[in-house]
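> Coordinates for the following, if possible.
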Amino acid sequence: MENQAGSEKKPPARLAELEAQFEKELACELVSAYLLDTQDSMERMQESIFNQDARALKSIAHMLKGASRIVMADEIEKLCTEMEEYGISVNWLKAEMLYEKLNRQFDVLVDYLRRYLQ
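Sure, this is the predicted structure:
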């Protein structure tokens with residue numbers, strides 16, 4: 001029964017820690033910058049997979065990973081690390097499958113961050 005409390009879904013970003021580290025106002029600026037800087041990342045990532053452009057895939061995944069680290073979005077950061085590896089190993093089938101999961105998680109994160117800014 002102890003696991004039930006611990007099994008609650010964790011938030012897509014650790015915003016309380018971000019606020020503790022940077023204060024609320026700067027945390028909001030970081031979140032706003034993240035939303036602006038990453039708004040077309042998933043579309044560009046999908047294009048790079050479709051075009052089998054390993055260099056672009058690795059670059060986009062790396063950028064999104066770094067940006068996600070700043071807003072403490074651990075799951076996106078982890079998935080982007082995997083995507084970078086698929087770009088390096090040129091594993092397009094795994095990249096396509098991971099893209100679907102990453103895209104869903106990214107949508108959840110974006111909604112969460114937008115609610116935070118309201």
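> which helices and strands sit right next to whichever strand or helix holds residue 57?
Element membership for residue 57 (DSSP states H and E) is helix 54-70. Where contact means 3 or more Cβ pairs under 8 Å, 6 or more residues apart in numbering; DSSP states H and E, helix 54-70 is packed against helix 15-38, helix 41-50, helix 74-89. Any C-beta I mention is one placed from the backbone N, CA and C, and that applies to glycine too.
> tell me what the longest one is packed against?
Pointing back at helix 15-38 there. Counting by 3+ Cβ pairs under 8 Å, 6+ apart, helix 15-38 packs on helix 54-70, helix 92-117.
> Run through the residues that contact the residue positioned nearest the centre of the chain.
Centroid-nearest residue in the chain: residue 76, 3.1 Å away (criterion: Cα atoms, centre = their mean). Residues near residue 76 by Cβ atoms under 8 Å, 6 or more residues apart in numbering: 12, 64, 65, 68, 102, 105, 106, 109.
> Now the helices and strands packed on helix 54-70 in TSV, please, with extra columns for distance to residue 96.
What follows is the helices and strands packed on helix 54-70, written out as TSV (distance: least, Cβ to Cβ, whole Å):
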stretch	distance to residue 96
helix 15-38	20
helix 41-50	6
helix 74-89	9
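> Could you export those helices as TSV, including mean pLDDT?
As requested, those are arranged in TSV below (pLDDT from 0 to 100):
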stretch	mean pLDDT
helix 15-38	96
helix 41-50	97
helix 74-89	96
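> and the two most separated of the contacts of residue 76?
The most widely separated members of the contacts of residue 76, counting by Cβ to Cβ, are 12 and 65 (14.7 Å).
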